[in-house]
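Visitor: below: sequence and its predicted model.
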Amino acid sequence: MEEQFMDETQAKYHHLVPQTYMSAWAHGNGTLNVEFLDSPGNIVKRNKERIAGMTDFHSIKAGMPLCTEADTNIIFAPILTYYVEYESKILKSSVDMNKNYYAFDDWIIKREDGSLVSKKRVKDEIEKIKIKDIETNWAIKYENHWDFEVRKIEENVLCTPNGSIPAFDKDYLTKFFTALDWRGFNSNQHFEEVYRNLTNGLLDNIEVPEDDRILPSLKTAADEMRHYLLLKFYRQYLNDTGVIYEDAMASLKYTSFHFLVADGPTKFITSDSPAFIHKREDEKLAGLLPITPRILMVKGKCIEDDGLYYVTHITDEAVKRYNYAIRSNAEEFVIHY
């Protein structure tokens with residue numbers, strides 16, 4: 001158990017956009033040319049290790065409604081040997097403690113001999129414990145293989161004239177695209193629309209006190225609930241189940257890939273929300289994901305799987321149009337080559 005606990009708690013800064021993905025735009029020791037949207041035209045240097053992420057973004061913590069019993073047994077381990085009383089009732093299990101954690105200040109914590117336990121010390125111990133299997137499993141299932149996949153795409157695409165090539169690694173590419181579509185600063189467009197319609201603005205006016213925020217960016221009850229849902233969906237996806245996995249499986253069955261190559265001086269940019277659905281000029285929808293500054297992967301519908309991918313070398317003007325779409329989908333910044 002101790003070894004597993006170390007694995008789950010070692011990472012702190014969690015990338016929404018993986019470092020390994022951004023590496024294609026990096027130079028030197030991992031430096032990126034970043035343009036923040038609130039300062040257009042101003043290019044600044046940022047290291048890929050400290051951008052496109054948030055501290056503990058994927059962590060499961062005390063009080064979160066998505067905690068499983070296995071999670072709560074780890075999180076509340078420091079007090080499972082004590083008696084915890086709340087509203088004249090004993091909280092007998094870690095699950096009960098998690099459900100009532102919002103009222104921790106009203107708990108009475110006693111040792112077996114009846115002496116009181118310091119709640120400040122206990123709370124400090126509890127809040128140091130964070131379950132980080134989501135962050136760990138993103139790396140194991142998707143990120144660690146990406147460098148190899150990029151080299152394979154380059155080998156198959158860059159030297160190929162306009163036309164088709166045999167399809168390869170469609171399962172992995174589809175799942176990686178889907179992961180980034182849901183993980184970016186702007187999450188999956190359909191999810192965002194459904195969530196806004198469900199909450200109907202009702203939770204937006206409920207502000208979470210600064211000291212009680214799970215993350216500094218989660219300022220309202222709507223932000224907090226959205227975050228909990230996404231963490232739940234991420235965990236399910238990493239176990240090959242749930243709505244994100246269903247999205248990936250539908251894409252695997254009904255879509256294929258077209259690689260666009262930039263041969264001129266203008267290269268593809270990327271952003272803090274690199275995978276997204278784009279409405280083309282003919283009103284059809286296509287998924288876009290820049291792979292490298294020279295390659296853009298387009299995910300489009302197919303009636304039947306012909307076992308092929310398509311390659312097109314495009315003009316500078318076409319690259320600029322796609323860069324406009326990539327920039328329009330960004331939340332805070334774009335990355336230039």
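Guide: Structure's in. What do you need?
Visitor: which residues does residue 319 contact?
Guide: Shown in contact with residue 319 (C-beta atoms under 8 Å, 6 or more residues apart in numbering): 262, 264, 266-268. Where you see a C-beta, it was placed from the backbone N, CA and C, and this is true even at glycine.
Visitor: that one in helix, strand or coil?
Guide: helix (DSSP: H, G, I helix; E, B strand; the rest coil).
Visitor: relative to residue 241, how far out is it?
Guide: Computed as C-beta to C-beta, to the nearest Å, the residue 319 to residue 241 distance reads 38 Å.
Visitor: if we can go back for a sec, what subset of the contacts of residue 319 is buried?
Guide: 262, 266-268 (16 or more other C-beta atoms under 10 Å).
Visitor: number of residues surrounding residue 284?
Guide: 10 (other C-beta atoms under 10 Å).
Visitor: now residue 85
Guide: 14.
Visitor: who's it bridged to?
Guide: Residue 85 has these beta-bridge partners by DSSP bridges: residue 90, residue 108.
Visitor: ok, back up a step: which two among the contacts of residue 319 are spaced furthest apart?
Guide: 264 and 268 (11.3 Å; C-beta to C-beta).
Visitor: kindly list the main-chain dihedrals of residue 259?
Guide: phi -100, psi 120 (degrees, to the nearest 10).
Visitor: check contacts around it.
Guide: 153, 157, 291, 295-298, 309-312.
Visitor: need these in JSON lines (columns: pLDDT, distance to residue 248 and neighbour count).
Guide: Formatted as JSON lines, these follow (pLDDT from 0 to 100; distance: C-beta to C-beta, whole Å; neighbours: other C-beta atoms under 10 Å):
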{"residue": "153", "pLDDT": "98", "distance to residue 248": "19", "neighbour count": "20"}
{"residue": "157", "pLDDT": "97", "distance to residue 248": "22", "neighbour count": "20"}
{"residue": "291", "pLDDT": "98", "distance to residue 248": "18", "neighbour count": "22"}
{"residue": "295", "pLDDT": "98", "distance to residue 248": "21", "neighbour count": "21"}
{"residue": "296", "pLDDT": "98", "distance to residue 248": "20", "neighbour count": "25"}
{"residue": "297", "pLDDT": "98", "distance to residue 248": "15", "neighbour count": "21"}
{"residue": "298", "pLDDT": "97", "distance to residue 248": "17", "neighbour count": "19"}
{"residue": "309", "pLDDT": "95", "distance to residue 248": "18", "neighbour count": "21"}
{"residue": "310", "pLDDT": "95", "distance to residue 248": "21", "neighbour count": "18"}
{"residue": "311", "pLDDT": "97", "distance to residue 248": "23", "neighbour count": "21"}
{"residue": "312", "pLDDT": "97", "distance to residue 248": "25", "neighbour count": "15"}
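Visitor: of these, which belong to helices?
Guide: 153, 157 (DSSP state H).
Visitor: and the contacts of residue 259, which is closest to residue 30?
Guide: In terms of C-beta to C-beta, no member of the contacts of residue 259 lies closer to residue 30 than residue 291, at 18.3 Å.
Visitor: look up how far residue 157 lies from the residue nearest to that closest one when sequence neighbours are not counted.
Guide: In this structure, residue 291 finds its nearest non-sequential neighbour in residue 297, 5.2 Å apart by C-beta to C-beta, 6 or more residues apart in numbering. Residue 297 sits at a distance of 9 Å from residue 157 (criterion: C-beta to C-beta).
Visitor: for the stretch 1-150 of the chain, give me the ranges with low pLDDT.
Guide: The stretch 1-150 of the chain contains residues with pLDDT under 70 at 1-11.
Visitor: which parts of it are strands?
Guide: Remark: strands assigned in the stretch 1-150 of the chain by DSSP state E, counting those that start in this stretch are 13-15, 31-36, 43-47, 53-55, 83-86, 89-90, 108-110.
Visitor: other SSEs contacting the first one?
Guide: Under the contact criterion of 3 or more C-beta pairs under 8 Å, 6 or more residues apart in numbering; DSSP states H and E, the helices and strands touching strand 13-15 comprise strand 53-55.
Visitor: rewinding a little: which one of the contacts of residue 319 is nearest to residue 99?
Guide: Using C-beta to C-beta, residue 268 comes nearest to residue 99 of these, at 47.7 Å.
Visitor: centroid-nearest residue for the protein?
Guide: residue 183 (2.6 Å; C-alpha atoms, centre = their mean).
Visitor: please parse this protein into its domains.
Guide: 69-128, 136-336 (automatic domain parsing).
Visitor: how long is the last one from one end to the other?
Guide: One end of domain 136-336 sits 28 Å from the other (C-alpha to C-alpha, to the nearest Å).
Visitor: do the shortest one as well
Guide: With C-alpha to C-alpha as the measure, the ends of domain 69-128 fall 18 Å from one another.
Visitor: based on its surroundings, how many neighbours for residue 144?
Guide: As a burial measure, residue 144 scores 12 neighbours (other C-beta under 10 Å).
Visitor: give the contact list for the closest residue to it other than its chain neighbours.
Guide: In this structure, residue 144 finds its nearest non-sequential neighbour in residue 20, 7.5 Å apart by C-beta to C-beta, 6+ apart. Neighbour list for residue 20: 143-144, 146-147 [criterion: C-beta under 8 Å, 6+ apart].
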